[in-house]
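J.: Quick one, what's the 3D model for this:
(2 chains)
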Amino acid sequence: MSAAPDIGIEGIGVWAPQLPDWSAARNMLCGNVEQAADSTRPTAAILPAGERRRAPESVLIAVEAAQQACAMARRDPRELAHVFASAYGDLAINDYLCATLARAPLEVSPTKFHNSVHNAAAGYWTIASGCMRASTAVSAGAASFGAGLLEAAVRAGGESEPVLLVAYDIAASGPLRDVIASRSAFAVALVLAPRSASALARLHLRLDDGAAPLAPTPPLLHASHRGNPAAASLPLLAALARREPGRLNLAAGPALSLNLEISI
Amino acid sequence: MDEVAHGNGSKRVRAHCYTFAPLRIFRPHVSDRPVPLAITAYTVTCAAGRGREAFARALAERKSGLRENDLAQWPLPCWIGRVAGIEDAPLPPAWAAWESRNHRLAWLGLNQDGFRERALAAIERYGAARVALILGTSTSSIGETERAYRELDADGRFDATQRRSRVHNSHALAAFVQRTLGARGPCLTISTACSSSAKVFASARRLLHAGLADAAIVGGVDTLCGSVLCGFNALELVSAEPCRPFDVARSGLSLGEGAGFALLEDMQVDKSAPRLAGTGESADAHHMSAPHPGGLGAERALDEALARAGLAPADVDYINLHGTASRQNDAVEAALIARRFPVTTLAGSTKGWTGHALGAAGIVEAAAALLAIERGFAPGTLNARELDPVCGPQIRIDNAPRRVRVALSNSFGFGGNNCCLAFAAGAA
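T.: Residues are numbered from 1 along each chain as shown, chains lettered A, B, ... in the order given. Next up is the predicted model:
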């Protein structure tokens, strides 16, 4: 229906429990049986030690994936405008805030409060990397990955510049588990660039009115990822891991489909 | 033609920097087409008034919407910009499953100035799939989630009436507005704290220029809730008196709430409509809750907005400042205005009328800038009595009649997130 500019993927980053990086994710997505790595907390080495201690889980996983993708793309993070997409923000902090407000409102921690903003991960990323470029934080519910990819690709094409996309969500905690299905952390990052000479793959994006049948999630992945909106990236990651050209659909909204034509 | 305008704009900006400030190395990154968009409809609802006419009157008559905090649930000693009557205005029965204070204010705001009808007409004209919807909010319906936590059942779980996934998430506002309007184009929530509903203009501009939509409905809604009242209180950023932006004795901000929307279309649709001339976005890369002391991030956003619009600082008639009345923000922003603008530019903060509407501040203040263009006056700074000496002659306490051809609006948020918008009058 409507086409966006073609875009190259220059770098990929992934973090999930037992999937500490793209190499581990690629192995799993290619069906190679491998001893699961025992990763429960990302390194997020770019964060200064103090910030790493203060940063909540959503920030750590997003920053870790972002750092991996920039390294793979050999891009200086300071040069990259970025789009951080998350359906829910930091669900553990939301649980803490709502529980504390119900119990003892004056005991709200100021640090937890400023970490509760949806752009906390993007903010920590700019502080750690020194990036002063445009920094945005978006949400589109279950379609956050597709809508974030669209936002990032449109910026990359329109401004003729590389853009870092990071999509992440963590597990719901406390009573929020009654209304939010996410049960496990997942973060993915892509460095997208128009007219890239060093792209691993290229995407041709098209928007289609209506909900098209979505690409199936690779069955090898732990079922716990299914309720995590960032894991909607897995069909794309599987195609990239297997270096399989083709087409697939991602949700960009309840009645809007993002059709990706992947060329390798 | 576009490239020529871009080239001229960059040169003019650089030349001007040299006149008014030390030459800066930063060159704004503006490679896309700086074609303005028409703002064919807009509306605003905040503590100072429901709808454009009421807000314009409050601005002109210098009537503040701030009141002593009367939220029984959160008895903190402060003043708030509460929109009166939300409590008694439930959503229509068809939308009852979306109930929250934020969605009530969204519905109230959509129905001012005939905006909902204008949005529906655009959807009818272009087709639902060709109209984008991009809304900013900082806290979405977290107030409703807080309530669900206060009313947990005996097992410590959400009460049956609160098991509404559609409400308890960051995207709820845009999803709600999308449902009520029937828009089917790209739909996104931007949540970058206090710059959220300014950045919606930048994202919409890119989508329209990419040809992915023919029109965009942009805006934002944020409402008072325990998280922000107690959170800002914990950060010791809230004043016990009505906020006094840029006053030498300012003691912090007053929190508020608001809703606003605008319809963006190709300039050819209505050449007399005011225009979105430029947008600038940047990060401070400095601190989560304090601005860069040199205002470097804010200045980058300003430079980018001016360059994209092909404007020099001397072209700017009025600036709606972020001006929260926090010690740090106002000092940094005042210094930036003093070093970059000539005395002919008038600037002020409207937070003394509205309070700080957080994620809605961008759209509320965009509306103030558009009203300045439309009605020919530059709002001053309500509640300020004696300006901080760091302020240059641009920052005014009093309103001034003024032909405003170009107006800027600044919005800066937590995480060091900055956005500057440039608006221009339409063809006479």
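J.: Can you get me a residue count around the residue of chain A found nearest chain B?
T.: Here chain A gets closest to chain B at one residue, residue A:123, 2.6 Å apart by CB to the nearest CB. Placement of C-beta: from N, CA and C, glycine included. Using other CB atoms under 10 Å in any protein chain shown, the number of residues around residue A:123 comes to 31.
J.: repeat for residue A:213
T.: When counting by other CB under 10 Å, one arrives at 8 neighbours for residue A:213.
J.: again with residue B:161
T.: So residue B:161, with other CB under 10 Å, has 10 neighbours.
J.: Make sure it is indeed in a helix.
T.: Yes - under DSSP: H, G, I helix; E, B strand; the rest coil, residue B:161 sits within a helix.
J.: now it: how far from chain A?
T.: 12 Å (CB to the nearest CB, to the nearest Å).
J.: Give the rounded mean pLDDT of stretch B:323-331.
T.: In this model, stretch B:323-331 has a mean pLDDT of 97.
J.: Touching that stretch from outside, list them.
T.: Stretch B:323-331 has contacts (CB atoms under 8 Å, 6 or more residues apart in numbering or on different chains) with B:194, B:237, B:239, B:243-247, B:250-254, B:290-291, B:293, B:322, B:333, B:348-352, B:356, B:381, B:388, B:390, B:412.
J.: Please, where are all the helices along chain B?
T.: Under the criterion DSSP state H, chain B contains helices at B:2-20, B:52-61, B:101-110, B:115-126, B:142-150, B:172-181, B:196-209, B:226-234, B:296-309, B:327-340, B:351-354, B:361-375.
J.: Can you tell me which of these is packed in deepest?
T.: The highest mean neighbour count among these, using mean count of other CB atoms under 10 Å in any protein chain shown, belongs to helix B:351-354: a mean of 30.
J.: where does the stretch 151-264 of chain A have low pLDDT?
T.: The stretch 151-264 of chain A contains residues with pLDDT under 70 at A:219-222, A:224.
J.: how about the residues of it near chain B?
T.: With the criterion set to CB under 8 Å from any CB of the partner chain, the stretch 151-264 of chain A comes near chain B through A:151, A:154-155, A:157-161, A:175-176, A:178-181, A:207, A:209, A:252-256.
J.: Taking these, please make a ChimeraX selection of just the buried ones.
T.: Buried subset of these, written as a ChimeraX selection, criterion 16 or more other CB atoms under 10 Å in any protein chain shown:
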select /A:151,154,155,157,158,159,161,175,176,178,179,180,207,209,252,253,255,256
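J.: In helices only, show me the residues of the stretch 151-264 of chain A next to chain B.
T.: Per DSSP H, the subset of those in helices is A:151, A:154, A:155, A:157, A:158, A:159.
J.: Of those residues, which is the nearest to residue B:79?
T.: Ranked by distance to residue B:79 (CB to CB), those are led by residue A:151 at 36.7 Å.
J.: Residue numbers of the stretch 201-350 of chain B in contact with chain A?
T.: Residues of the stretch 201-350 of chain B that fall close to chain A, judged by CB under 8 Å from any CB: B:202-203, B:206-207, B:209-213, B:226-227, B:230-236, B:281-289, B:296-297, B:300.
J.: ok, back up a step: could you tell me the angle between the one helix or strand the residue of chain A closest to chain B maps to and helix B:296-309?
T.: Taking DSSP states H and E as the criterion, residue A:123 maps to helix A:120-129. Using axes from the mean of the first three to the mean of the last three CA atoms, to 10 degrees, the inter-axis angle of helix A:120-129 relative to helix B:296-309 is 100 degrees.
J.: Off-centre distance for helix A:120-129?
T.: Its chain's C-alpha centre and that of helix A:120-129 lie 14 Å apart, by CA atoms, centre = their mean, to the nearest Å.
J.: And for stretch B:305-322?
T.: For stretch B:305-322, the distance to the chain centre is 16 Å (CA atoms, centre = their mean).
J.: Bridge partners for the most centrally placed residue in chain A, pull those for me.
T.: Centroid-nearest residue in chain A, with CA atoms, centre = their mean: residue A:167, separated by 1.5 Å. Beta-bridge pairing for residue A:167 (DSSP bridges): residue A:85, residue A:188.
J.: these two touch, right, residue B:44 and residue B:54?
T.: No - in this structure, residue B:44 is not within contact of residue B:54 by CB atoms under 8 Å, at 9.0 Å.
J.: So which residues make contact with the helix holding residue A:123?
T.: Here helix A:120-129 makes contact (CB under 8 Å, 6+ apart) with A:46-48, A:51, A:55-56, A:58-59, A:62-63, A:66, A:77-78, A:82, A:84, A:86, A:89-90, A:114, A:117, A:131-132, A:135-137, A:166, A:168, B:192, B:283-288, B:414-417.
J.: cutoff 6 Å now
T.: If you take CB atoms under 6 Å, 6 or more residues apart in numbering or on different chains as the criterion, helix A:120-129 is touched by A:46-47, A:55, A:58-59, A:62-63, A:66, A:77-78, A:84, A:135, A:137, B:283, B:285, B:288, B:415.
J.: Tell me where chain A has helices.
T.: Along chain A, counting by DSSP H, helices occupy A:22-29, A:49-54, A:57-73, A:91-103, A:110-115, A:120-129, A:144-159, A:234-242.
J.: Next one: the second one, is it in contact with chain B?
T.: No - among the residues of helix A:49-54, none lie within reach of chain B under CB under 6 Å from any CB of the partner chain; the closest is 8.8 Å away.
J.: Just the CA coordinates for that helix, please, in CSV.
T.: What follows is helix A:49-54, C-alpha atoms only, in CSV (Å, rounded to 0.1, in the frame of the first residue of the first chain):
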residue,chain,number,x,y,z
ALA,A,49,29.8,1.4,37.3
GLY,A,50,27.5,3.7,39.3
GLU,A,51,24.9,4.0,36.6
ARG,A,52,25.0,0.2,36.2
ARG,A,53,24.2,-0.3,39.8
ARG,A,54,21.3,2.2,39.7
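J.: so what does that helix touch, helix or strand wise?
T.: Applying 3 or more CB pairs under 6 Å, 6 or more residues apart in numbering or on different chains; DSSP states H and E, one finds that helix A:49-54 contacts no other helix or strand.
J.: show me what contacts residue B:224?
T.: residue B:257.
J.: can we see that at 8 Å?
T.: Contacts of residue B:224 (CB under 8 Å, 6+ apart): B:71, B:80, B:82, B:101, B:143, B:255, B:256, B:257.
J.: now the residues you listed: which count as buried?
T.: By 16+ other CB under 10 Å, those give B:80, B:82, B:101, B:143, B:255, B:256, B:257 as buried.
J.: Just those residues: which are in strands?
T.: If you go by DSSP state E, the buried ones among the contacts of residue B:224 have B:80, B:255, B:256 in strands.
J.: Now those residues in TSV, please, with extra columns for pLDDT and distance to residue B:270.
T.: What follows is these, written out as TSV (pLDDT from 0 to 100; distance: CB to CB, whole Å):
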residue	pLDDT	distance to residue B:270
B:80	98	37
B:255	98	36
B:256	98	31
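J.: Please identify which of these is nearest to chain A.
T.: Nearest to chain A among those, with distances taken as CB to the nearest CB, is residue B:255, at 12.8 Å.
J.: Relative to residue A:70, how far out is the residue of chain B at minimum distance from chain A?
T.: Relative to chain A, the nearest point of chain B is residue B:415 (2.6 Å; CB to the nearest CB). Separation of residue B:415 from residue A:70 (CB to CB, to the nearest Å): 19 Å.
J.: quick one: low-confidence parts of the stretch 1-150 of chain B?
T.: B:1-34.
J.: Go ahead and name everything in contact with stretch B:142-154.
T.: Identification of contacts with stretch B:142-154 by CB under 8 Å, 6+ apart yields A:94, A:97-99, A:101-102, A:175-176, B:99-102, B:158-160, B:162, B:167-168, B:223-227.
J.: so what's residue 236 up against?
T.: Defaulting to chain A. Per CB under 8 Å, 6+ apart, neighbours of residue A:236: A:215, A:248, A:250, A:260, A:262.
J.: wrong chain, I was asking about chain B
T.: By CB under 8 Å, 6+ apart, the contact set of residue B:236 is A:110, B:252.
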